[in-house]
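> Could you work out the structure for the sequence below:
(one chain, ligands or ions: 1)
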Amino acid sequence: MSIENLIPLQGEEDSAHMMGRVHSTDSFGTVDGPGTRYVVFLQGCMYRCKYCHNRDTWDLDEGQIWTVEDLVQEIIPFHPFMEVSDGGVTVTGGEPLLQQHFVYRLFKSLHHLGFHTCLDTNGYVRKYDELLDALLRYTDLVMLDIKQINNEKHKDLVGVSNEYALKFAQYLAEENIRTWIRYVVVPGYSDDLEDAKEMASFVARLGNVEKVELLPYHELGVNKWEVMGEVYPLEGVKPPPKETIQAIANEFLKAGISVTGPA
Ligand code: SF4
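Down below sits the predicted model:
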């Protein structure tokens, strides 16, 4: 199924009955944005990250179909928990920007109800239009994954050029949208200090990035590949040592950028 095939599922743009494909939800997320968050994992991704810990989110025609209205009703009871922790709702995936109509309608509804909204994306944007702008108007924070600044290494690691993510980063900067950058440190793929230095220089030039979150590679998603009968591409790769994370953090700090681990 192509990306475009997802669009008819989403119904009319202004309908609360608009539908989207949801992989799963987590009503008490603590690592995907500020505070305690209701996290919505949308179905579908065009990247093929070798370390993907959500391998079962890739297929565009899987997942459960939800209306915006039903999802909002599901989220509302959790508002008090979010309020006391300055949390909110994060939409991630998979890749949420493959279902822009759905996310736009969801964030618009949530905003009217007083929820903080966060978009966790790999930046795979192929079209810059009014819909994207409308979605971003109701987005309080973007967490953008930049997997590798070196395009050849990026393609090797995730199967797609980094031109989409870098262009989206620049667009967020032009629009002055609050942004965090997420960088997964994978031994042998994204732990080179020269790459980190180049990435830090790129991020510093953007001017709108509050911080970079360094996420050490982990092996927690391996069993999903096994359950799906697939060979895990990073078999034998171990999480990076603390010293590597610190050395990469130093490159960002030298460029004047705040760095944290998972929030
Ligand atoms: S962008 Fe996320 S969901 Fe998509 S392949 Fe990469 S890690 Fe998996």
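> hey, where'd the helices end up in this structure?
Per DSSP state H, the chain carries helices over the ranges 68-75, 79-84, 100-112, 130-137, 151-158, 163-174, 193-206, 222-227, 242-254.
> Name the residues of the second one that are buried.
Think helix 79-84. Residues His79, Met82 are the ones in helix 79-84 that count as buried (16 or more other CB atoms under 10 Å). In this view, the C-beta of every residue, glycine as well, is placed from N, C-alpha and C.
> Ok, the first one next?
Of the residues in helix 68-75, those scored as buried under the neighbour-count criterion (16+ other CB under 10 Å) are Val68, Glu69, Leu71, Val72, Ile75.
> Quick one: residues contacting Ile257.
Contacts for Ile257 (CB atoms under 8 Å, 6 or more residues apart in numbering) come out as Ala200, Val203, Ala204, Val209, Lys211, Val212.
> same thing with Gly44?
Gly44 is in contact with 3, 6, 21, 57-60, 63, 93-95, 98-99, counting by CB under 8 Å, 6+ apart.
> now do Glu152
Neighbour list for Glu152: empty [criterion: CB under 8 Å, 6+ apart].
> Which residue does the stretch 101-250 of the chain have closest to the ligand?
Closest to the ligand within the stretch 101-250 of the chain is Asn122: 4.1 Å, counting by CB to the nearest ligand atom.
> count of neighbours near that residue?
Residues within reach of Asn122, counting by other CB atoms under 10 Å, total 26.
> circling back to that earlier point, can you tell which of the helices of the chain is closest to Val186?
Closest to Val186 of these is helix 151-158 (CB to CB; 6.9 Å).
> Buried ones in the lengthiest strand in the chain, by neighbour count?
Longest strand of the chain, by residue count under DSSP state E: strand 19-29. Neighbour-count burial for strand 19-29, counted by 16+ other CB under 10 Å, picks out Met19, Gly20, Arg21, Val22, His23, Thr25, Gly29.
> Pull the residues that contact it.
Counting by CB under 8 Å, 6+ apart, 6, 9-11, 36-44, 54, 56-57, 60-68, 71, 74, 78, 81, 90, 93-94, 99, 101-103, 106 sit against strand 19-29.
> Make a PyMOL selection of the buried ones in those residues.
Entered in PyMOL, the line below selects the buried ones among those, by 16+ other CB under 10 Å:
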select buried, resi 6+10+11+36+37+38+39+40+41+42+43+44+54+56+57+60+63+66+67+68+71+78+90+93+94+99+101+102+103+106
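> Verify the stated contact: Phe107 with Thr117.
Yes: the pair Phe107 / Thr117 is scored as a contact, 4.6 Å apart, by CB atoms under 8 Å.
> what's the distance between Gly29 and Val203?
Using CB to CB, to the nearest Å, Gly29 is found at 25 Å from Val203.
> okay, now the residue of the stretch 51-200 of the chain found nearest the ligand: neighbour count?
Nearest residue of the stretch 51-200 of the chain to the ligand (CB to the nearest ligand atom) works out as Cys52 at 3.2 Å. Neighbour count of Cys52, defined by other CB under 10 Å: 20.
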